[in-house]
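K.L.:
Below: sequence and its predicted model.
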Amino acid sequence: MKQKLQTRSKVLFADQGVDIVGDVHGCYDEFIELLIRLGYERSQDGTYRHPQGRKLLSLGDITSRGPYSIKMLQFFIHHLSAGLAEMVDSNHGWKVARWLDGRPVTLAHGDEKVEEEFRAYQQEFGPKKASLLREQSRRLLFSSPSHMMIRRSDKLVAVAVHAGIRDDYIGLESPAVHTFCRYGDVAGTGPDGRPIRREWAKERKARAPLIVWGHDPRPEPQRENGTLNIDQGCVFGGKLTAYRFPEDELVSVPAKKNYSGLAETPLTRYTAD
Ligand SMILES: [Mn+2]
């Protein structure tokens, strides 16, 4: 029986510190390597915990394009229920959630790899375990808040969001807020079928709170008008980045390879003459 899902709280108390991780896209090996670099330790129950009680926060798009979407889903299912991690909504997350919900969606842009993984999982572990994992994944993805407000000593210090947010949307929850946070400021579709992205960060007037975001890969973390992009396109052969709050530190691990199968990636436009 499918139950109606409530969105999880969008407030994260970061008094012990928080590590915000950019778009993983199934790059599980790099993700674990990053956690180790950040000082997380594997416990007996299989969870990764930080000795100082730091929290892990994902900017979404944990699946698709890369090799281990299911491992990433399982990681966040377990770490969320243990109160160790949080995750915000994202475009791939939303697409996969609707697919798991049985809605008519076309799986493309790497989402078809999630379907392949679920098929292989069912062959290996049987239909009962597969349908349990599908339901847990559906719940995880559908209940993700549009953005996360990070509070410290009871003050709003940062906002974590997948693709972007307007300052007047911070703290609100509505279909328009969800759409903006999931896709960014999209001004329709271009002739190649790809979304035309407006540069919300460039146009931002406010400078606080800090907005940490991903979705739009660039070779290095980029600060602009009180925003910080930490999607370094790991699945495209770039890097996986974490932003540590309140230390204001960036930690990256390099991708082992370009998993996307694409020769032209969102990163190559930065190297082309
Ligand atoms: Mn995205």
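P.N.:
Everything's here; your move.
K.L.:
in this protein, which residue is closest to the centre?
P.N.:
Gly60 (1.6 Å; C-alpha atoms, centre = their mean).
K.L.:
Help me confirm that it is found in a helix?
P.N.:
No. Assessed with DSSP: H, G, I helix; E, B strand; the rest coil, Gly60 is coil; it does not lie in a helix.
K.L.:
I'd assumed Ala97 was in contact with it.
P.N.:
No. The criterion here is C-beta atoms under 8 Å, and Gly60 misses it with Ala97 at 11.0 Å. (C-beta placed from N, C-alpha, C; glycine too.)
K.L.:
Up against the ion, what does the stretch 151-273 of the chain have?
P.N.:
By C-beta under 5 Å from the ion, the part of the stretch 151-273 of the chain that sits against the ion consists of His215.
K.L.:
In the stretch 151-273 of the chain, what residue comes closest to the ion?
P.N.:
The minimum distance from the stretch 151-273 of the chain to the ion, using C-beta to the ion, falls at His215 (3.8 Å).
K.L.:
Name the nearest residue to that residue, ignoring sequence neighbours.
P.N.:
Distances taken as C-beta to C-beta, 6 or more residues apart in numbering put Ala163 closest to His215, at 3.9 Å, once the chain neighbours are dropped.
K.L.:
Could you check how many residues crowd around the one you found?
P.N.:
28 (other C-beta atoms under 10 Å).
K.L.:
and it, what is it in contact with?
P.N.:
The neighbours of Ala163, taking C-beta atoms under 8 Å, 6 or more residues apart in numbering as the test, are Ser90, Asn91, Phe180, Cys181, Arg182, Tyr183, Gly184, Trp213, Gly214, His215, Asp216.
K.L.:
biggest separation within the residues you listed, which pair?
P.N.:
Phe180 and Gly214 (14.4 Å; C-beta to C-beta).
K.L.:
which of the two has more neighbours?
P.N.:
A count of neighbours by other C-beta under 10 Å puts Gly214 above the other of Phe180 and Gly214, at 28 against 22.
K.L.:
residues touching that one, list them.
P.N.:
Contacts of Gly214 (C-beta under 8 Å, 6+ apart): Gly22, Asp23, Leu59, Gly60, Asp61, His162, Ala163, Asn229, Ile230, Asp231.
K.L.:
could those be laid out in CSV, adding pLDDT?
P.N.:
Output for the contacts of Gly214, formatted as CSV (pLDDT from 0 to 100):
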residue, pLDDT
Gly22, 98
Asp23, 98
Leu59, 98
Gly60, 98
Asp61, 98
His162, 98
Ala163, 97
Asn229, 98
Ile230, 98
Asp231, 98
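K.L.:
Any of these buried? List them.
P.N.:
Buried by 16 or more other C-beta atoms under 10 Å: Gly22, Asp23, Leu59, Gly60, Asp61, His162, Ala163, Asn229, Ile230, Asp231, out of the contacts of Gly214.
K.L.:
Ser260 touches Pro67, doesn't it?
P.N.:
No. Using C-beta under 8 Å, Ser260 makes no contact with Pro67, being 10.7 Å away.
K.L.:
Among these two, which residue is more densely surrounded?
P.N.:
Per other C-beta under 10 Å, whichever of Ser260 and Pro67 has more neighbours is Ser260, with 21 against 17.
K.L.:
these two touch, right, Arg54 and Gly17?
P.N.:
Yes. Checked against C-beta under 8 Å, the pair Arg54 and Gly17 is within contact range at 4.2 Å.
K.L.:
Many thanks, we can stop here.
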